[in-house]
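Chemist: this one's sequence-less:
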Ligand SMILES: Nc1ncnc2c1ncn2[C@@H]1O[C@H](COP(=O)(O)OP(=O)(O)OP(=O)(O)O)[C@@H](O)[C@H]1O
């Protein structure tokens, strides 16, 4: 029979272990789309406050990985946890902000920039008038992406880059702890890229964790803690910050260098 001391020690150890589980953890995750196995055993961890970039050739499984992470693609094997909770039991979706691959969901709708961004608050609340906290979060999200002065404009009047900024602001308005973005810089003008890099830097400084699908690191390079390169549904290599300095703009340039190969990425 356990004495009181043992029980207390075990409880303390359990509490410590639970204190900071990774924000996102995939272990041996597999998934198929139709009959095609697309994820063939993905290991990936995003720690609290970390910024992780997913890289890899077209079709390597980057989008499918992040869609699995946000519960939009059903996995067929492995373990996937959000904030230490298995995906099948995870309900706290307001903690996760997801910006899908270039989407025009809001275009063509007679909505203003502010209305689209405010819809991001629906992750936290029921439909209805915005409260003071909601309004402040929407204002802050618009400021973060540099669109505060366009709040009343129709989203249809925006450029592609500005449109993407609106979609990112919509995710930020929910004040997520984990931000997942699929190719946020694709087709985005240079000014918007810089604004987004700055917005991400601020989010990261506040402790928000970020998982990004990218084709190249570009202006986001200084923010990234780790890159994970996928190949054919598996993790091919992982690089930490030191290695990144050598190849800030050429994520694939160092493939002949000594790679960090790992099964479980922690
Ligand atoms: N709905 C689908 N049904 C069947 N196969 C699919 C489906 N969606 C994607 N695939 C295939 O799954 C593989 C992985 O796709 P995924 O979009 O995850 O790759 P990716 O690395 O994000 O590529 P890209 O950089 O082109 O976006 C690709 O070969 C793709 O053709």
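Modeler: That came through fine. Because the structure is predicted, anything quoted here is derived from the model rather than measured.
Chemist: got the buried residues for stretch 224-240?
Modeler: By neighbour count on 16 or more other CB atoms under 10 Å, the buried set for stretch 224-240 is 224-230, 233-239. (Each C-beta comes from the backbone N, C-alpha and C, glycine too.)
Chemist: Now the residue most central in space within the chain: which helix or strand?
Modeler: Within the chain, the residue whose C-alpha comes closest to the C-alpha centroid is residue 180; the distance, by CA atoms, centre = their mean, is 1.6 Å. Here residue 180, judged by DSSP states H and E, is contained in strand 178-182.
Chemist: Can you give me the pLDDT of residue 228?
Modeler: Predicted confidence (pLDDT) for residue 228: 96.
Chemist: Then residue 244?
Modeler: The per-residue pLDDT reported for residue 244 equals 55.
Chemist: quick one: stretch 65-74 to chain centroid distance?
Modeler: Taking the mean C-alpha point of stretch 65-74 and that of its whole chain, the gap between them comes to 11 Å (CA atoms, centre = their mean, to the nearest Å).
Chemist: right, I mislabeled it, should have said stretch 25-34
Modeler: Once both centres are worked out by CA atoms, centre = their mean, stretch 25-34 turns out to sit 17 Å from its chain's centre.
Chemist: How about residues contacting that stretch?
Modeler: In this structure, residues lying in contact with stretch 25-34 by CB atoms under 8 Å, 6 or more residues apart in numbering are 37-46, 64-65, 68-69, 73-81, 84, 264.
Chemist: State the number of residues packed around residue 154.
Modeler: Residue 154 has 15 neighbours, counted by other CB atoms under 10 Å.
Chemist: Stretch 214-221: which residues count as buried?
Modeler: Across stretch 214-221, burial judged by 16+ other CB under 10 Å covers 214, 216-221.
Chemist: and the residue nearest to the centre of the chain, how far is that from the ligand?
Modeler: 13 Å (CB to the nearest ligand atom, to the nearest Å).
Chemist: thought that residue was touching residue 96?
Modeler: Yes - with contacts defined as CB atoms under 8 Å, residue 180 counts as touching residue 96 at a distance of 6.6 Å.
Chemist: any common contacting residues for the two?
Modeler: Taking CB under 8 Å, 6+ apart as the contact criterion, the residues that touch both residue 180 and residue 96 are residue 70.
Chemist: distance between the ends of stretch 58-78?
Modeler: For stretch 58-78, the separation between the terminal residues is 23 Å (CA to CA, to the nearest Å).
Chemist: List the contacts of it.
Modeler: Residues external to stretch 58-78 that are found in contact with it (CB under 8 Å, 6+ apart): 24, 26-33, 38-42, 44, 54-56, 80, 82, 87, 90, 93, 96, 98, 100-101, 180, 182, 211, 213, 230-234.
Chemist: buried subset of the residues you listed?
Modeler: Neighbour counting over the contacts of stretch 58-78 (16+ other CB under 10 Å) leaves 24, 26-32, 38-42, 44, 54-56, 80, 82, 87, 90, 96, 98, 100, 180, 182, 211, 213, 230, 233-234 as the buried ones.
Chemist: Among the residues you listed, which are located in strands?
Modeler: Assignment to strands by DSSP state E places the following of these there: 24, 26-32, 38-42, 44, 54-56, 80, 82, 96, 98, 180, 182, 211, 213, 230, 234.
Chemist: so residue 159 sits right up against residue 189, yeah?
Modeler: Yes - between residue 159 and residue 189 a contact is recorded at 6.7 Å, counting by CB under 8 Å.
Chemist: what's around residue 181, how many residues?
Modeler: If we define neighbours as other CB under 10 Å, then residue 181 has 23 of them.
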